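I would like the atomic coordinates for the input below:
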Amino acid sequence: MPTISGSVESKSRDGKSIKVAGNWYSCFLPVIIANANVGDGITFEYTEKPSADGSRIYKNIKGVPQINGGSGTPAAPSASQAVSNSRVEAKKGDIKLHTQRSIVRSHAVTAAISLCSANKKEFSVDTVLSIAKQIEAYTSGDGDSEMEDLPSETA
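Below you'll find the predicted structure:
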């Protein structure tokens, strides 16, 4: 996976894209680059995906970028940067997921319930969670390599 390092030149209004070294890079959740400001140094990995018609190449940020303050000194790490995976140390009974992951997971479960309900049949919790895990993997980017192996549906 290619890596880019440089200064943030611009940031989109919706907070999902940043311009580095003359190119725009996007992410699914704005919180991934929320701490990146114009002038900050940044390093991240990205993937390139062609648009459906092949006219554009989208550059998608993967993982959590390392952000340095504009003065060249590291900025205080965000909660997502301080931990390398989605689980954090917690006391017994505490929620152990990052806020970002919890939001993605909650939306995945809601989408899975909607999908199952649309079929107007009885469904089990295991079925919902199985579908939700697939949705979570897709929306978070965790399943990108697995999704490339799946056959595409044609109408």
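
show me how the record splits this structure into domains.
With domains defined by automatic domain parsing, the chain comprises 3-70, 99-148.

now those domains in TSV, with mean neighbour count and mean pLDDT?
Just so you know, the C-beta spots here come from the backbone N, C-alpha and C atoms, and that holds for glycine as well. Formatted as TSV, the domains of the chain follow (neighbours: other CB atoms under 10 Å; pLDDT from 0 to 100):
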stretch	mean neighbour count	mean pLDDT
domain 3-70	15	91
domain 99-148	14	80
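
for stretch 28-36, measure first residue to last.
15 Å (CA to CA, to the nearest Å).

name the residues that touch that stretch?
8, 11, 14-16, 18, 27, 42, 60-61, 64-65, 67, 75, 78, 80-81, 99-100, 103-104, 139-141 (CB atoms under 8 Å, 6 or more residues apart in numbering).

just list what the longest helix anywhere in the chain packs against, helices and strands only.
When the chain is scanned for its longest helix (criterion: DSSP state H), the result is helix 99-118. Applying 3 or more CB pairs under 8 Å, 6 or more residues apart in numbering; DSSP states H and E, one finds that helix 99-118 contacts helix 125-140.

what is the orientation angle of the helix it packs on with helix 99-118?
Per axes from the mean of the first three to the mean of the last three CA atoms, to 10 degrees, the angle that helix 125-140 makes with helix 99-118 is 130 degrees.

dump helix 125-140 to CSV, keeping only the CA atoms.
The C-alpha coordinates for helix 125-140 follow below in CSV (Å, rounded to 0.1, in the frame of the first residue of the first chain):
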residue,chain,number,x,y,z
VAL,A,125,-29.8,-12.4,16.4
ASP,A,126,-27.0,-14.6,14.9
THR,A,127,-28.2,-13.8,11.4
VAL,A,128,-28.3,-10.0,12.2
LEU,A,129,-24.9,-10.0,13.7
SER,A,130,-23.4,-12.0,10.8
ILE,A,131,-24.7,-9.5,8.4
ALA,A,132,-23.7,-6.6,10.6
LYS,A,133,-20.1,-7.9,10.7
GLN,A,134,-19.9,-7.9,6.9
ILE,A,135,-21.3,-4.4,6.7
GLU,A,136,-18.9,-3.2,9.4
ALA,A,137,-15.9,-4.8,7.6
TYR,A,138,-16.9,-3.1,4.4
THR,A,139,-17.7,0.4,5.8
SER,A,140,-14.5,0.5,8.0
